[in-house]
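Enquirer: Just to be clear, the model below is a prediction. Sequence and coordinates:
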Amino acid sequence: MDTTSQATVGLQLIEAGQRVTVRVPATTANLGPGYDSLGLALGLHDTLTVETLDTDELLFDLRGEGAATLPRDASHLVVRAMAAAFRRLGFRNGGLKITAENVNPHGRGLGSSASAVVAAVTAANELVPAESRRGRDWILQLTSEMEGHPDNVAPAIFGGLALSWQDSDQYRSTTATVVEQVVPIVAVPDFELSTEAARALLPASVGHYAAAMNAGRAALLIHALTHSPEFLLAGTEDYLHQSYRAEAMRPSAALIAALRAEGYAAVVSGAGPTVLVLANGEANAAEALDFIADFTAANTPDVGWRVLKLSVDVEGAKVDVHRR
């Protein structure tokens, strides 16, 4: 008996003839000082549809971002995450027809892998019998284990501003409501940076001064996002990670420095290289958009930028189920 067969012994087969669609927001993590703990859901969505078949086939239709490079077999992250979720729930899948419509850029710091695992685990959870389904906290735990940290998966699951932490091997999160004046803007460059490469640039430890300064700014940032956006610039000041990563994304670092010098709350989105601006109202957002266009045209002519004004997604992962 091979390893795959051994792993599925005793697991119940998922019923064929079901279809579930999961819509998951892109996310931005860290937000400056909230390293590995703060995340925000954005109004940019990937959609995953999974149908269970009465055969052993895997049919994978992949559209949009990553369609030219990502695999369409059992090695794809969605398939692996679904299989892991089924096993955790005591089940195994037969044939699957998967349709993935991706709009979230990959390798840019907008939580594309988190969106994929959240969509996959949420879909798997909906495809097991009702008595075996688990809640969103269970989805948080499993997807955080897969990602290694909860800062992107939490807002993808719950929506809004997610504040996450870890107790031993347990991942936890709560959400806060972002005031309507906050307008997220992302400037996405045409080059990628892997999370692993970005993390490799960080020192093993920082001094007490940097830690204390960062704690104060993270606390101020939560207040700014939920009550007083006039403090967004001060609240997004980071002392833990952005300066160490700047060399790996010089165009992004230059744009962030220029934006902040002009009073815009700009940070690295996640591990980068996308630049996030948290604008205070529509007028401030319009000014930031103009500044980004002018600066990038004059200073980074060899980099292609996709600049998007987005909203804060307040719903998180949404599920639509069709059963026979």
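Expert: That came through, no problem. These numbers were taken from a predicted model, which means no experiment stands behind them.

Enquirer: low-confidence ranges in this structure?
Expert: Counting by pLDDT under 70, the chain contains low-confidence residues at 1-9, 323-324.

Enquirer: which residues in it form strands?
Expert: Listed from the start of the chain, the chain has strands (DSSP state E) covering 12-13, 19-30, 34-53, 58-64, 91-92, 95-102, 161-167, 170-176, 182-189, 266-268, 275-280, 305-309, 318-322.

Enquirer: would you list the ones you listed in TSV and tack on distance to Leu289 and mean neighbour count?
Expert: No exception for glycine: its C-beta is placed from N, CA and C like everyone else's. As requested, the strands of the chain are exported to TSV (distance: least, CB to CB, whole Å; neighbours: other CB atoms under 10 Å):
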stretch	distance to Leu289	mean neighbour count
strand 12-13	52	13
strand 19-30	17	26
strand 34-53	16	22
strand 58-64	24	15
strand 91-92	47	18
strand 95-102	25	19
strand 161-167	22	19
strand 170-176	26	16
strand 182-189	6	23
strand 266-268	12	27
strand 275-280	9	26
strand 305-309	6	16
strand 318-322	28	13
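
Enquirer: if we compare those strands, which one ends up closest to His227?
Expert: His227 lies closest to strand 170-176 among those, at 9.7 Å (CB to CB).

Enquirer: so which of the strands of the chain comes closest to Gln141?
Expert: The closest approach between Gln141 and any of the strands of the chain, judged by CB to CB, belongs to strand 170-176 at 5.5 Å.

Enquirer: any idea of the angle the closest one forms with strand 161-167?
Expert: Interaxial angle, strand 170-176 versus strand 161-167 (axes from the mean of the first three to the mean of the last three CA atoms, to 10 degrees): 160 degrees.

Enquirer: Now do the contacts for the closest residue to Thr55 other than its chain neighbours.
Expert: Counting by CB to CB, 6 or more residues apart in numbering, Gly95 is the residue found nearest to Thr55 once chain neighbours are left out, at 4.2 Å. With contacts defined as CB atoms under 8 Å, 6 or more residues apart in numbering, Gly95 is in contact with Ala16, Thr52, Leu53, Asp54, Thr55, Asp56, Glu57, Leu58, Leu59.
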